[in-house]
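K.L.:
Let me see the structure of the following:
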Amino acid sequence: MSGTLNRPIRVLVAKVGLDGHDRGAKVIATSLRDAGMEVIYTGLRQTPEMVVNTALQEDVDAIGISILSGAHMTVFPKIIALMKQKQLTDVLLTGGGIIPPGDIQKLREIGVGELFAPGTTMLTIINYIRDWTIENRNF
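P.N.:
Numbering: from 1, shown residues only. Next comes the predicted model:
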């Protein structure tokens with residue numbers, strides 16, 4: 001493996017549910033775009049079904065969910081189940097927001113990737129998505 005891709009990494013950034021705070025998601029989307037990734041930002045009030053269907057239509061490498069509402073233990077498992085149902089098992093599901101460490105561990109156990117707390121550097125997030133994609137989606 002060469003450590004690079006011959007195409008831009010495609011990332012879907014979404015806000016699920018009634019969480020109306022999207023500044024962080026927009027900062028993430030802009031930073032990923034500035035790092036050379038193709039970013040699809042879905043906007044506010046998406047359902048898990050909308051997110052997974054968009055990911056399928058856009059042929060993304062990764063889905064990033066920004067969540068501050070406390071609904072992470074509902075949202076992430078629902079998205080993982082839909083991804084499995086739609087055979088998106090080679091797409092990274094990652095995200096960030098206000099998620100207690102114990103919940104992060106439970107979500108990791110069901111197949112969610114790294115989850116980032118407020119204050120995580122953009123470089124950490126960019127490198128994680130880039131490294132995961134190169135390792136798992138370099139085709």
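
K.L.:
Out of the helices and strands in the chain, which is least certain?
P.N.:
Least confident helix or strand of the chain, by mean pLDDT, DSSP states H and E, is helix 23-34 with a mean of 91.

K.L.:
List the buried residues in the helix or strand following that helix.
P.N.:
Once the chain leaves helix 23-34, the next helix or strand it forms, by DSSP states H and E, is strand 38-41. For strand 38-41, the neighbour count (16 or more other Cβ atoms under 10 Å) marks 39, 40, 41 as buried. Yep, even glycine has a C-beta here, placed from its N, CA and C like the rest.

K.L.:
Tell me where the model's unsure across the protein.
P.N.:
Applying pLDDT under 70 to the chain picks out residues 1-3, 18, 20, 139.

K.L.:
would JSON lines of the buried residues of strand 38-41 with distance to residue 55 be doable?
P.N.:
JSON lines is the format used below for those (distance: Cβ to Cβ, whole Å):
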{"residue": "39", "distance to residue 55": "13"}
{"residue": "40", "distance to residue 55": "8"}
{"residue": "41", "distance to residue 55": "13"}
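
K.L.:
Based on its surroundings, how many neighbours for the residue lying closest to residue 92 once chain neighbours are set aside?
P.N.:
Closest residue to residue 92 apart from its sequence neighbours, by Cβ to Cβ, 6 or more residues apart in numbering: residue 62 at 4.0 Å. When counting by other Cβ atoms under 10 Å, one arrives at 25 neighbours for residue 62.
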